[in-house]
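Student: Using only what follows, build the 3D model:
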Amino acid sequence: MRNRHVLKIVALALMSLNLSVFAGEDKYSQLAIEISDAAGESLRDKKIAIIPFSYADGRDGAKDGSVISERLTMKMINLQKFEIIERSVLDKVMNELKLQSSGIMDANSTKELGKVLGVDAIITGTLVERTGGKIEINARLIKTETARAIGAAQIIIEKDWLGGDEAIVQPVQQAVYKPKTQGAAPAGTHIRGKNEYGFFDLFLGFGAPNISLEFANPLGNIKLTANASDPDNHLGINYSGGDRYCKSVKWSELVSEGVGPIAMRIGGFGKGAIGGDLELSLEKRNIKPQSTTWTLDNGSPANFTFNSEDYLTVTSFGMSGDLLIRHAGERVNPYFGMGLGLSLNSIELPYVRGYTASSAFSRPVEQMGIGFMFRIPVGMRIKIGDKTQIVTELRYELNSIGFDRDIKSEDDRIIISGAKFLIGMGFNF
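Tutor: Numbers count the residues shown, from 1 in each chain. Prediction:
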């Protein structure tokens, strides 16, 4: 009988202990939920950092603050509403910025921490010792962009861990500070500096680069006649000198017209001055009607007139990359560089004869040609928002394109070169 009473007392004690532990745990859940509800939809990326709490009276509370922030972190993770910065990353950044490791920070420190970590908000607060071994937790959710508190919550918990605020210990290492659905952050996560960023640009170019066009055949069988429509006339142009076979027929520095480039690129800058980008572009160019000169077999230039605007049309799809050097300013980043690339070009010559349309020697010539691209960009990125920039650029660009009209002995070439002005929008990440 006595044993039964003892068992009942033990069972009641265990139940009371479990309820007490559950109640304590539930307090942290309550705190996490209240802070999450306070955030609402005001945070864009849902990325936050939790800073260990400190005592309001200024006493050293390293262990108490770390334990409480660790338990709150686990509850925030379980809500699966936020991406939480890993503690090791947070400590490293705060040491680099020479910020205090816990407690309330001033507005400038809060904004700086937000920029470097890329977080929308931080959770911080103070502790107040109560009677009976209890601690009052006053938590605040602070938006880093404005350094204003957008939410607050208060709970009172039992201090149920060993040690106390008099013990100076190393901060608790947190293994994962991300929602389960997103996975854990790598242990060696790189933290970007103030002037370190990636970018994605969309832009449009303007300009009238020159076009050089040469038909070249070492066998000397490029035939010209007095009648452009003559089936024996290879190039579809009137030649006043009668029938002639040439090794080279060339026009230099022809004025062009067209559109582009229309382009997008992705790139970035490191902590120093060096950066780079990769670009995809689309451009269409044709020879503008004009009076110019031409040379036959590299002889003396003679007068020539293009009466039509469709003698040559080139549509180019470019894939290129640049090495960039910039000056990192507060709002303006001027830069210059050098780039190389390849182009895939659709060449249309409606009056020229070849074997591209059929097995018979006929017009038009429609052919794809591979080009080599070289350019020198000089520009600036002007900050207009936290993640947006206006991009302006003046570049010299050369696109050298080979083709052959499907005649094995030929080595024809189009060179499009000149200055272009580009303007567009950049988006940082």
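
Student: who touches residue 326 in this structure?
Tutor: By CB atoms under 8 Å, 6 or more residues apart in numbering, residue 326 lies in contact with 269, 273, 275, 333-335, 381. No exception for glycine: its C-beta is placed from N, CA and C like everyone else's.

Student: Now list the buried members of the residues you listed.
Tutor: 269, 275, 333, 335, 381 (16 or more other CB atoms under 10 Å).

Student: Restricted to strands, list these.
Tutor: Using DSSP state E to define strands, the subset of the buried ones among the contacts of residue 326 located there is 269, 275, 333, 335, 381.

Student: Looking at these, which two lie furthest apart in space?
Tutor: 275 and 381 (10.1 Å; CB to CB).

Student: Could you name every residue contacting both of those two?
Tutor: Counting by CB under 8 Å, 6+ apart, the residues touching both residue 275 and residue 381 are 326, 335.

Student: which residues in the stretch 1-150 of the chain form helices?
Tutor: Along the stretch 1-150 of the chain, counting by DSSP state H, counting those that start in this stretch, helices occupy 2-39, 62-79, 87-96, 107-117.

Student: what's the least confident stretch among the ones you listed?
Tutor: When the helices of the stretch 1-150 of the chain are compared by mean pLDDT, helix 2-39 comes last with a mean of 60.

Student: Of the ones in strands among the buried ones among the contacts of residue 326, which is the nearest to residue 128?
Tutor: residue 269 (45.7 Å).

Student: Could you check how far the closest one is from residue 90?
Tutor: The gap separating residue 269 from residue 90 is 24 Å, by CB to CB, to the nearest Å.

Student: do the same with residue 225
Tutor: Taking CB to CB, one finds residue 225 at 80 Å from residue 90.

Student: And these two? Which one has more around it.
Tutor: Legend: neighbour count by other CB atoms under 10 Å for residue 225 and residue 90, higher for residue 90 (24 against 19).

Student: quick one, what contacts the more buried one?
Tutor: For residue 90, the contact set (CB under 8 Å, 6+ apart) comprises 49, 51, 117.

Student: Ok, residue 241 next?
Tutor: Counted by CB under 8 Å, 6+ apart, residue 241 has contacts residue 224.

Student: need the strands for the stretch 151-300 of the chain, in chain order.
Tutor: Listed in chain order, the strands of the stretch 151-300 of the chain (DSSP state E, counting those that start in this stretch) span 197-206, 210-216, 222-224, 244-246, 248-269, 274-287, 290-296.

Student: Tell me which of the ones you listed sits nearest to residue 423.
Tutor: So among the strands of the stretch 151-300 of the chain, strand 197-206 is nearest, using CB to CB, at 6.1 Å.

Student: buried ones in that closest one?
Tutor: 197, 199, 201, 203, 205.

Student: is the second one in a bridge, and if so with what?
Tutor: When you say that, I think you mean residue 199. residue 267, residue 428 (DSSP bridges).
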